[in-house]
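Novice: for reference, the sequence and a predicted model appear below.
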Amino acid sequence: MKRGIMNLETTTVTRRTVLGGVIASALASMVPSKVFAEVVGSGADDDADGPKSNKANLYAFPGVQLETTVIAATWPVHLNRFDWSTQKESHVTIHAGARKWDVELPGGSVDTALLERHGCRVFAGSVATQPGADGVALKAVIIKMPKKMQVESGPMEIWAERVLHTGQRQRVGSPFIAALLAEDPGLAQSYHNLSPSDDRAMLMEDVVRVIAAKGRKSGMAGDPDTYARRVASRLLPDVLRYDPQWPSGFTFAAQNGRHPEEVSDLVVDTILSGSPALGSPKADVHLQEPFPFFSRRDSAA
């Protein structure tokens, strides 16, 4: 099989915002003009003790070029100068509908036969770094493909999995379930050992329990248990749903894909708790025009 090494170079950052819906459009004016990937304060997910927090993210959105779709998985890695484990290999698989993309890290080697036939591009490497020996790097696998490549199969159910050199598996889906995993270690342990086809049978009751607890705490859900079950039935199986034939947007009204510059945390917190979320809205990542789109703050990452 022909293999290639992914290009790790990026260029100057510019701002691009894609928000769907009236509420989300209003929120866009509140987003800071300069946004840096939120990796500061995240735990090292390559430590021997396993992930300290679930800050991995999955995105699907229209590319800058017309008739293209971008899918990206990102996760933080702690840059401890005494810990060389972050340089060891991991395997990332992105599932998008009937297609599956396998990438080896570091180095970003991938089977390029499919890419050449269909005009796709793949990036694998660091896209943002907090300076310092003990800083945090944001790693990413980013796929750009012609829109027609996915339209043929209809709406996509997207999810990703990352297997570390230790054999530990990290699964990535929607930001809704990711928020619940950060609050419930038991749920997280089960989740990372399952695939979407198992979610309804294995996770439903635990997800209902965690959402109901949030509803009772907020005091805004009239019947927390009923509300939690209704929301959980919409969230499981845990995948990021995206139909390239419809406008993209991660809003209160609907979620079709997810753009890195959308204020997804505000939507997630409000829907899960049944009450308006407090705090200043903040986008996940600041994008640039050229591929691979995510910002990169240093040339050594």
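Specialist: The structure has been received and is ready for your questions.

Novice: look at Ala60 and give its secondary structure.
Specialist: Under DSSP: H, G, I helix; E, B strand; the rest coil, Ala60 falls in the strand class.

Novice: if I read this right, His286 contacts Glu261, doesn't it?
Specialist: Yes: with contacts counted by CB atoms under 8 Å, His286 reaches Glu261, the gap being 7.1 Å. In short, each C-beta sits where N, CA and C put it, glycine included.

Novice: and the two? Which one has more around it.
Specialist: Between His286 and Glu261, counted using other CB atoms under 10 Å, His286 has the larger neighbour count: 23 against 20.

Novice: gap between the more buried one and His78?
Specialist: In this view, His286 and His78 are 21 Å apart by CB to CB, to the nearest Å.

Novice: and if you look at Pro244?
Specialist: Distance of Pro244 to His78, given as CB to CB: 35 Å.

Novice: can you check His259 too?
Specialist: Note on His259: its distance to His78, by CB to CB, is 27 Å.

Novice: cool, Ala221 as well?
Specialist: Note on Ala221: its distance to His78, by CB to CB, is 37 Å.

Novice: now Gly222
Specialist: Per CB to CB, Gly222 is found 42 Å from His78.

Novice: now do Met156
Specialist: Met156 is 32 Å from His78, where distance means CB to CB.

Novice: contact partners for Phe250?
Specialist: By CB atoms under 8 Å, 6 or more residues apart in numbering, the contact list for Phe250 reads 20, 24, 175, 256-259, 262, 264, 267.

Novice: let's see 7 Å
Specialist: Residues near Phe250 by CB atoms under 7 Å, 6 or more residues apart in numbering: 258-259, 262, 264, 267.

Novice: which SSE is Ala178 in?
Specialist: Here Ala178, judged by DSSP states H and E, is contained in helix 175-183.

Novice: span of stretch 217-231 from start to end?
Specialist: End-to-end distance for stretch 217-231, by CA to CA, to the nearest Å: 16 Å.

Novice: tell me which residues are up against that stretch.
Specialist: With contacts defined as CB under 7 Å, 6+ apart, stretch 217-231 is touched by 208, 211-212, 215-216, 271, 273-275.

Novice: with stretch 90-97 instead?
Specialist: The contact list for stretch 90-97 (CB under 7 Å, 6+ apart) reads 71, 73, 100-105, 141, 143, 150, 153, 156-165.

Novice: now do the buried residues in it.
Specialist: For stretch 90-97, the neighbour count (16 or more other CB atoms under 10 Å) marks 90, 92, 94-97 as buried.

Novice: in strands only, show me those residues.
Specialist: Judged by DSSP state E, the buried residues of stretch 90-97 include 90, 92, 94-96 as members of strands.

Novice: redo those residues as CSV? Include distance to Phe294 and pLDDT.
Specialist: Shown next, in CSV, are these (distance: CB to CB, whole Å; pLDDT from 0 to 100):
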residue, distance to Phe294, pLDDT
Ser90, 18, 85
Val92, 15, 94
Ile94, 15, 96
His95, 20, 96
Ala96, 18, 93
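
Novice: could you dump those residues to JSON lines with distance to Asp238?
Specialist: Formatted as JSON lines, those follow (distance: CB to CB, whole Å):
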{"residue": "Ser90", "distance to Asp238": "21"}
{"residue": "Val92", "distance to Asp238": "17"}
{"residue": "Ile94", "distance to Asp238": "15"}
{"residue": "His95", "distance to Asp238": "12"}
{"residue": "Ala96", "distance to Asp238": "15"}
